[in-house]
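# kindly generate the corresponding structure for this input.
(one chain, ligands or ions: 1)
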Amino acid sequence: MPDTLHMPQTIAKARTLAALKTEVKAIRDKSLTLAFVPTMGALHEGHLDLVKRAKTHADRVVVSIFVNPLQFAPTEDLDRYPRDEAGDIARLQGVGCDLVYLPTVDVLYPAGFISRIDMSGPALGLETEFRPQFFSGVATVVSKLFNQVRPDVAVFGEKDYQQLAVIRAMVRDFDMDIEIIGAPTTREADGLALSSRNAYLSAAQRGIAPKLHTGLQTIRTAVLNGQDADTAIAQVSAELTADGFGQIDYIRLADAESLGPVRPNRPMRLLAALWLGKTRLIDNIAV
Ligand code: AMP
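A predicted model of the protein is given here:
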């Protein structure tokens with residue numbers, strides 16, 4: 001029977017680059033293909049859906065769990081970002097993960113690490129207006145993880161739509177021989193996009209949070225009915241504020257590929273980031 005039909009009984013763990021390389025070599029020595037799902041842990045069903053999708057694209061799946069300090073500003077939630085390694089590994093059982101890579105900060109950024117990836121195009125605007133360091137940090141860690149894992153395929157969520165566009169551009173620009181797969185956003189029954197940061201929400205805030213997705217759908221319907229996008233966005237923004245949301249960083253209709261201004265007869269994407277108490281929520285939908 002071919003080896004690919006044998007599901008491993010336990011998930012292998014690698015905490016060092018040497019351990020990762022040994023595990024990956026064992027996979028490659030059997031001529032098996034490899035899919036990769038990078039995460040920051042605090043895994044939920046959205047992450048698990050990426051792993052399941054990855055398994056349909058390759059013989060073996062590597063999941064990394066690494067809270068990347070490079071993509072957090074000093075004022076952001078690096079220290080309080082939820083961490084649950086044992087729970088994460090338990091959740092990864094049975095969804096198709098073969099190897100979990102758990103590097104420490106020293107493994108990714110040893111003393112003397114000085115390089116950064118600096119991008120424009122889809123990395124400009126939207127998130128970058130509020131988190132200027134974010135995509136440089138994401139692109140730098142993802143390129144490092146790609147070089148360490150050397151997958152055939154990598155799966156990213158559309159939940160972080162701008163991030164997916166940035167990764168696609170980076171892979172294209174640096175001739176990285178990796179197929180990037182975008183996976184649809186996994187949502188709660190009430191429409192709230194699953195996010196590790198939802199754990200920060202109080203019960204009252206959790207009740208309000210789905211109104212973001214409802215608001216985006218309202219704007220989409222208005223735009224598809226020929227209404228002016230800016231007017232629809234202003235109306236929904238006022239409703240979200242009345243509902244109890246705090247600062248709206250952006251709600252913007254963009255070209256689905258470039259994330260620049262919309263173009264006639266081209267796919268569009270409606271993207272949003274806003275605050276609910278001390279928690280920043282992002283979401284996006286196709287228009
Ligand atoms: P994170 O751990 O937040 O860095 O996310 C790791 C990966 O999971 C990224 O590719 C995210 O886009 C993806 N992801 C996070 N939330 C969801 C979701 N609700 N649905 C689908 N993918 C998601």
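
# check the offset of whichever strand or helix holds Ala18 from the chain's centre.
If you go by DSSP states H and E, Ala18 is part of helix 17-29. Relative to its chain's centre, helix 17-29 lies at 25 Å (Cα atoms, centre = their mean, to the nearest Å).

# likewise for stretch 39-53?
That offset, for stretch 39-53, works out to 9 Å (Cα atoms, centre = their mean).

# how close does the residue lying closest to Ala286 once chain neighbours are set aside sit to Val138?
Leaving out its chain neighbours, the residue that sits closest to Ala286 by Cβ to Cβ, 6 or more residues apart in numbering is Arg269, at 6.1 Å. For every residue, glycine as well, the C-beta is placed using N, CA and C. As judged by Cβ to Cβ, to the nearest Å, Arg269 and Val138 stand 18 Å apart.

# those two: who's more crowded?
The neighbour comparison of Arg269 against Val138 (other Cβ atoms under 10 Å) goes to Val138, with 25 against 20.

# that one in helix, strand or coil?
helix (DSSP: H, G, I helix; E, B strand; the rest coil).

# how near is it to Leu20?
As defined by Cβ to Cβ, Val138 lies at a distance of 20 Å from Leu20.

# same question for Thr214.
In terms of Cβ to Cβ, Thr214 sits 42 Å off from Leu20.

# same question for Gln247.
40 Å.

# quick revisit: out of Thr214 and Leu20, which sits in the more crowded spot?
Leu20 (24 against 15).

# which residues of the stretch 51-200 of the chain score low on pLDDT?
Within the stretch 51-200 of the chain, no stretch has pLDDT under 70.

# quick one: the strands in it?
Using DSSP state E, counting those that start in this stretch, the strands of the stretch 51-200 of the chain run over 60-65, 99-101, 153-157, 179-183.

# can you tell which of those is closest to the ligand?
Judged by Cβ to the nearest ligand atom, the one of these that comes nearest to the ligand is strand 153-157, at 2.3 Å.

# residues contacting that closest one, please?
Contacts with strand 153-157, where a contact means Cβ atoms under 8 Å, 6 or more residues apart in numbering, come from 33-38, 46, 50-51, 53-54, 57-58, 146, 163-164, 167, 178-186.

# buried ones among the residues you listed?
34-38, 46, 50-51, 53-54, 57-58, 146, 163-164, 167, 178, 180-183, 185-186 (16 or more other Cβ atoms under 10 Å).

# what does the stretch 151-287 of the chain put close to the ligand?
Within the stretch 151-287 of the chain, the positions near the ligand by Cβ under 6 Å from any ligand atom are Phe156, Gly157, Lys159, Asp160, Ala183, Thr185, Thr186, Ala193, Leu194, Ser195, Ser196.

# got the contact list for Ile65?
So Ile65 contacts Thr39, Met40, Gly41, Leu43, Glu85, Asp88, Val100, Tyr101, Leu102 (Cβ under 8 Å, 6+ apart).

# with adjacent residues omitted, what lies nearest to it?
Gly41 (4.1 Å).

# and Gly121, by the same measure?
Distances taken as Cβ to Cβ, 6+ apart put Ala169 closest to Gly121, at 5.4 Å, once the chain neighbours are dropped.

# repeat that for Pro82.
Ala42 (3.9 Å).

# surely the one you found meets Glu85?
No: judged on Cβ atoms under 8 Å, Ala42 makes no contact with Glu85 at a distance of 9.8 Å.

# which one's more surrounded, these two?
Neighbour comparison, Ala42 and Glu85: the larger count goes to Ala42, with 21 against 14 (by other Cβ under 10 Å).

# and the more buried one, what does it touch?
Contact analysis of Ala42 by Cβ under 8 Å, 6+ apart lists Tyr81, Pro82, Arg83, Asp84, Asp88, Ser196, Ala199.

# ok, so of those, who is nearest the ligand?
Ser196 (5.4 Å).

# ok, that closest one touching Asp84?
No: using Cβ under 8 Å, Ser196 makes no contact with Asp84, being 9.4 Å away.

# okay, and the common contacts of these two?
Gly41, Ala42, Leu43.

# for Gly94, see how far away the first one is.
Plainly put, Gly41 is 18 Å away from Gly94 if you go by Cβ to Cβ.

# more crowded one of these two?
Gly41 (21 against 11).

# so that one lies in a helix, does it not?
No: counting by three-state DSSP, Gly41 is located in no helix; its state is coil.

# quick check, pLDDT for the residue nearest to Pro82.
On pLDDT, Ala42 comes in at 96.
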